[in-house]
Every structure is written in structure tokens, then in C-alpha cells.
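Novice: What follows is a predicted structure for the sequence shown.
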Amino acid sequence: MSNKSKWHGIMILDFLEVLDKDSNIIYRDENRPNILHTEGEQYILQLMFNGITPPDYYYFGLDNRTNLAQNDTMASIVGEPVANQQTGYGRASVISSGGPQGFSVPINYQGNMRSQSPLLVYNCNTVPWGPVQNIFLTTKGDNVYGGALLISSAKLSLPLSMVPSQTVRMRFSMQLSNC
């Protein structure tokens with residue numbers, strides 16, 4: 001077993017696709033490296049060894065930080081789209097207890113154990129939003145920054161700006177080895 005010089009955390013962006021109004025794929029990104037943030041690492045260790053209770057849901061959001069750093073917190077989030085009916089944006093929730101709205105039972109994927117998220121979808125309704133260039137995993141829902149923990153973040157290949165009737169869909173995997 002070899003040691004990697006830089007471990008990329010636990011979150012793997014399997015794919016992100018932007019679809020036009022006719023459901024044609026106009027942009028695709030995949031296998032983006034991520035950062036496990038310091039408070040995310042601490043949180044995972046507390047879940048494993050200190051008996052804290054997980055939240056009912058984990059949330060995936062989008063933002064526009066220029067650079068990602070290990071010591072980022074929710075206070076570092078910049079340019080997250082406003083979550084409301086006009087934008088259609090909202091942090092995508094994944095139930096922490098598994099099932100159809102949670103992560104899959106771990107499977108062996110290319111020699112590593114991996115759990116997949118359900119398909120996550122963001123719509124752009126009547127008001128454009130963006131640019132965004134990062135995806136982040138947190139413990140709280142829309143518009144909550146205080147008390148929320150920033151677990152992990154991944155930078156997209158290109159910034160995205162959404163216009164009405166476009167859709168973003170994505171899937172993540174969680175994996176502890178060979179990220």
C-alpha cells in the first residue's frame with residue numbers, strides 16, 4: 001500500500017451536467033478533486049469516535065469562491081445563489097440515514113468502497129443565477145451559515161452561469177480511499 005502525498009478528501013463529483021430547455025447536455029464536468037475542510041475532518045472524527053448525532057440531512061450547495069482552502073468555513077462561502085422560487089436554486093438535500101433519498105449502501109468500485117448520492121437537480125426558473133465555480137457539502141440547508149459546518153468543497157473546471165429553463169444535475173460519491 002502506498003501513501004499519497006495529497007489526499008483529496010471524501011467527496012468525488014461523479015458528474016455535473018448543464019441541460020438546456022430541451023434537455024440537451026450543454027456542459028459536462030466529472031471527477032473533480034476536492035478538499036476535506038478542517039472542520040469537516042473534525043466533524044467526521046466526532047461522528048466516528050465521540051458519539052455525536054448526524055443531522056437528518058446533508059446539503060450540497062454552489063458558490064463562487066476564487067480559491068478553496070483547507071481552513072475554509074461557511075463564513076468563507078461567497079456568491080451562493082439566492083435560494084427562492086424565482087431563481088429555482090436551493091441546496092440539494094441528501095438524507096443521512098440512507099434509503100432512496102440518501103447515499104447508497106457502500107459498493108466495491110474499482111477496488112475501493114464507495115457510496116453514491118441520489119441524482120441532485122438544480123433548476124433555473126425565471127431569474128438567472130451565477131456565476132458559481134464550486135460545489136460544497138455542509139450540514140445545514142438554504143441560507144444558513146451560522147452553526148453550519150463546511151465539510152468538503154470541489155472546484156468545477158469552468159464557472160457556471162445559469163439562465164432560465166436550464167437545469168444542473170449531478171451525482172456524488174463518498175469514498176475514504178484512493179480519492
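Specialist: Sure, I can see it.
Novice: Pro106 - how many residues pack around it?
Specialist: Neighbourhood size, Pro106 [other CB atoms under 10 Å]: 15. For every residue, glycine as well, the C-beta is placed using N, CA and C.
Novice: isn't it right up against Met113?
Specialist: Yes. Between Pro106 and Met113 there is a contact under CB atoms under 8 Å: 4.5 Å.
Novice: Could you pull out the buried residues of stretch 42-49?
Specialist: Across stretch 42-49, burial judged by 16 or more other CB atoms under 10 Å covers 43-44.
Novice: do stretch 97-113 as well
Specialist: Residues 102-103 are the ones in stretch 97-113 that count as buried (16+ other CB under 10 Å).
Novice: Then stretch 135-154?
Specialist: Neighbour-count burial for stretch 135-154 flags 135-141, 148-154 (criterion: 16+ other CB under 10 Å).
Novice: Among those residues, which has the minimum pLDDT value?
Specialist: Lowest pLDDT within these is found at Gly141 (89).
Novice: Can you check my assumption that that residue lies in a helix?
Specialist: No. Counting by DSSP: H, G, I helix; E, B strand; the rest coil, Gly141 is not part of a helix but coil.
Novice: so what's it up against?
Specialist: 57, 59, 90-91, 93 (CB atoms under 8 Å, 6 or more residues apart in numbering).
Novice: now do 7 Å
Specialist: Going by CB atoms under 7 Å, 6 or more residues apart in numbering, Gly141 touches 59, 91, 93.
Novice: Which strands or helices does the helix or strand hosting the last one pack on?
Specialist: The secondary structure element spanning Ser93 is strand 92-95 (assigned by DSSP states H and E). Secondary structure elements in contact with strand 92-95, counted by 3 or more CB pairs under 7 Å, 6 or more residues apart in numbering; DSSP states H and E, are strand 57-63.
Novice: Can I get the strand it packs on in PDB? Just the C-alpha atoms.
Specialist: Only the C-alpha atoms of strand 57-63 are listed here, as PDB (Å, rounded to 0.1, in the frame of the first residue of the first chain):
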ATOM      1  CA  TYR A  57     -29.800  15.700   6.000                       C
ATOM      2  CA  TYR A  58     -26.600  16.800   4.400                       C
ATOM      3  CA  TYR A  59     -26.700  19.600   1.800                       C
ATOM      4  CA  PHE A  60     -24.800  20.300  -1.400                       C
ATOM      5  CA  GLY A  61     -24.600  23.900  -2.400                       C
ATOM      6  CA  LEU A  62     -22.900  26.000  -5.100                       C
ATOM      7  CA  ASP A  63     -20.800  29.100  -4.600                       C
END
